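J.: Sequence and predicted structure are below.
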Amino acid sequence: MLTPEGERVEHPDYDIDLTPEEIRGLYRDLVLVRRIDLEAVALQRQGELGIWASLLGQEAAQIGSGRALTEADMAFPTYREHGVAWCRGVDPVNLLGLFRGVNHGGWDPAEHNFHLYTIVIGSQNLHAVGYAMGIQRDSAEAATIVYFGDGATSQGDVNESFIWASVFNAPVVFFCQNNQWAISEPLEKQSRIPLYRRASGFGFPGVRVDGNDVFACLAVTRKALADARSGQGPMFIEAFTYRMGAHTTSDDPTRYRVAAELEAWKLKDPIERVRSYMFKNQIADQEFFDAIDAEADELGRDVRKRCLALPDPEPLAIFDHVYAEPHRLMDEERAQFAAYLEGFEG
Ligand SMILES: Cc1ncc(C[n+]2csc(CCOP(=O)(O)OP(=O)(O)O)c2C)c(N)n1
Ligand SMILES: [Mg+2]
């Protein structure tokens, strides 16, 4: 719907009518989440975070799909969904706390309808389908969306989630961000067909969307969620995008991919095309762009300041939220760890 040069194109099946204000809002989201991400990478490089998984390049896929959600919809993320977290009103400092190792994310999934981050590849797919089946049994006016990567489509859990969603006609949208890489494994080592085509074998529709086009991601996800809410079952969306950074800050992508690939994808940058479209169509002027840049810098400063001020947790607190109710094994492990800590002097 928006070419890399910022030209608007119509699509026969998916259309979207956005007001200038909505477009400015999407642009603001894209810029701010990129800024949060940049600050987080810098914080990790300065030793303030243990690790960080950058969303660089995937902003449109996350903001487009994230803004398609209604308040009642429930989202299940991986570890890279900082843009979706932003759309769900989760304070970015919570995300940093998780990667700093001082909390488990610390947000209430029920308050934001945004589940905690999941590191175990694909396990959130099963949680999402189970949740969607719950929505179905409650006859609630809501849908579930689950995020996962291209690599995750090779995982058993993900394939099982497709089967359950299909046979129970669960109101779930499978949002796969195909960023072309699963750490150092390229997509061609994961699949011999385009990923969206996998869906038909499970019995539900699959579409591929330009994952660097925020309008298209919004339009397609909105439609898929509406269909799910109205009882039409699951849908698979392959957002075709690119991981412009490293897998995480622990990874060095220059070891396994050529620089030319990144250069080609830079020309398809998800933010530049919106900016160019807005300029050309007088949806925003230089003053607006400058104000957003200033807001982004202020947000970066604020996030950094509050991250550094996060208190170190009391070591035994790690056991507090493993189970909702007291658990014998937790009590045992807590006691063992307390005894270990007491072995230190001072
Ligand atoms: C069950 C499981 N197996 C292996 C890993 C190690 N691991 C972490 S990220 C990753 C690759 C994931 O690639 P993809 O699904 O494409 O997501 P991306 O990181 O590209 O967003 C792997 C294998 C894990 N976290 N969980
Ligand atoms: Mg990937």
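T.: Arrived safely. Numbers count the residues shown, from 1 in each chain. Ligands and ions are numbered 1, 2, ... in the order given.

J.: roughly how far out does the longest helix along the chain sit from the chain middle?
T.: Identified as the longest helix of the chain according to DSSP state H is helix 20-45. Chain-centre distance of helix 20-45: 13 Å, with C-alpha atoms, centre = their mean, to the nearest Å.

J.: same thing with stretch 43-58?
T.: Using C-alpha atoms, centre = their mean, the offset of stretch 43-58 from its chain centre is 15 Å.

J.: Can you give me the end-to-end span of it?
T.: This stretch, stretch 43-58, spans 20 Å end to end (C-alpha to C-alpha, to the nearest Å).

J.: got a list of what the nearest residue to Ala68 once chain neighbours are set aside touches?
T.: Excluding the flanking residues, the one nearest Ala68 by C-beta to C-beta, 6 or more residues apart in numbering is Thr221, at 3.8 Å. Where C-beta positions appear, they are placed from N, C-alpha and C, glycine not excepted. The contact partners of Thr221, by C-beta atoms under 8 Å, 6 or more residues apart in numbering, come to Gly64, Ser65, Ala68, Leu69, Ile145, Val173, Phe175, Ile237.

J.: which ones among those are found in helices?
T.: Gly64, Ser65.

J.: Could you dump the contacts of Thr221 into a markdown table and include pLDDT, distance to Thr153 and neighbour count?
T.: Formatted as a markdown table, the contacts of Thr221 follow (pLDDT from 0 to 100; distance: C-beta to C-beta, whole Å; neighbours: other C-beta atoms under 10 Å):
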| residue | pLDDT | distance to Thr153 | neighbour count |
| --- | --- | --- | --- |
| Gly64 | 98 | 20 | 33 |
| Ser65 | 99 | 17 | 31 |
| Ala68 | 98 | 21 | 24 |
| Leu69 | 98 | 22 | 23 |
| Ile145 | 99 | 16 | 26 |
| Val173 | 99 | 15 | 28 |
| Phe175 | 99 | 12 | 33 |
| Ile237 | 99 | 12 | 27 |
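
J.: List the buried residues in the longest helix of the chain.
T.: Within helix 20-45, the residues that count as buried by 16 or more other C-beta atoms under 10 Å are 23-24, 26-37, 39-41, 43-44.

J.: For that helix, name the packing helices and strands.
T.: helix 59-66, helix 82-87, helix 92-100, helix 214-229, helix 270-280, helix 286-308 (3 or more C-beta pairs under 8 Å, 6 or more residues apart in numbering; DSSP states H and E).

J.: and that helix with helix 286-308, angle?
T.: Counting by axes from the mean of the first three to the mean of the last three C-alpha atoms, to 10 degrees, helix 20-45 lies at 40 degrees to helix 286-308.

J.: quick check: mean pLDDT across helix 20-45?
T.: Mean pLDDT, helix 20-45: 98.

J.: Then stretch 95-113?
T.: 94.

J.: Just the buried positions in that stretch, please.
T.: Quick answer for stretch 95-113 (16+ other C-beta under 10 Å): 95-100, 102-107, 112-113.

J.: can you check stretch 140-156 too?
T.: For stretch 140-156, by 16+ other C-beta under 10 Å, it's 142-155.

J.: from those, which ones fall inside strands?
T.: Among the buried residues of stretch 140-156, the ones falling in strands (DSSP state E) are Thr144, Ile145, Val146, Tyr147, Phe148, Gly149.

J.: ok, the first one touching Ile135?
T.: So the one you mean is Thr144. Yes - Thr144 is in contact with Ile135 according to C-beta atoms under 8 Å; the separation is 6.5 Å.

J.: what's the overlap in contacts for those two?
T.: With C-beta under 8 Å, 6+ apart, Thr144 and Ile135 have common neighbours Met74, Pro171.

J.: ok, which of the ones in strands among the buried residues of stretch 140-156 also contact ligand 1?
T.: Gly149 (C-beta under 6 Å from any ligand atom).
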